[in-house]
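**Student:** The sequence isn't on hand, but the structure is:
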């Protein structure tokens, strides 16, 4: 899938397993509200190079991958994140740092192996 700049000021970056996510995102980093779509790409690890360089992501879609955990620094590193979709992965726990994230409005967790959410949530 290619980058799309639609009339509503969104820019999209899609994640392909054989292309550096950060390189592709750099090409597509225009618009007011950026989102990352890495759904159904068999990712086993969150692509940390994204948030190390692009802290302004607001929407992150990671549905249908093989993620077993999310990095503890995910939420502090994405301070304007509004929407996180991690449905249908293999998550067994969730970072406690979500408690200090003021902008997160939507968190989709269905279809994971999480038995207990952090008390901070």
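**Tutor:** Happy to help now that I have it. Just so it is clear, the structure is predicted and the values come from calculations on it, not from any experiment.

**Student:** When you work out contacts or count neighbours from here on, use the C-alpha atoms and nothing else.
**Tutor:** Will do.

**Student:** All the helices of this structure, residue numbers only.
**Tutor:** Using DSSP state H, the helices of the chain run over 21-27, 48-53, 74-77.

**Student:** Please work out the average pLDDT along the longest one.
**Tutor:** Pointing back at helix 21-27 there. Average pLDDT, helix 21-27: 46.

**Student:** remind me which residues of this structure are low pLDDT?
**Tutor:** Within the chain, the set of residues satisfying pLDDT under 70 comprises 1-33, 51-53, 120-121.

**Student:** Could you pull out the buried residues of stretch 58-77?
**Tutor:** The neighbour-count check on stretch 58-77 (16 or more other C-alpha atoms under 10 Å) flags 58-70, 74-75, 77 as buried.

**Student:** what sits up against that stretch?
**Tutor:** 33-46, 51-52, 55, 78, 80-98, 100-101 (C-alpha atoms under 8 Å, 6 or more residues apart in numbering).

**Student:** So which of these are in strands?
**Tutor:** Using DSSP state E, 33-37, 83-85 are the members of the contacts of stretch 58-77 that sit in strands.

**Student:** Would you reformat the residues you listed as a markdown table and include distance to residue 115?
**Tutor:** Shown next, in a markdown table, are the ones in strands among the contacts of stretch 58-77 (distance: C-alpha to C-alpha, whole Å):
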| residue | distance to residue 115 |
| --- | --- |
| 33 | 33 |
| 34 | 31 |
| 35 | 28 |
| 36 | 27 |
| 37 | 26 |
| 83 | 22 |
| 84 | 19 |
| 85 | 18 |
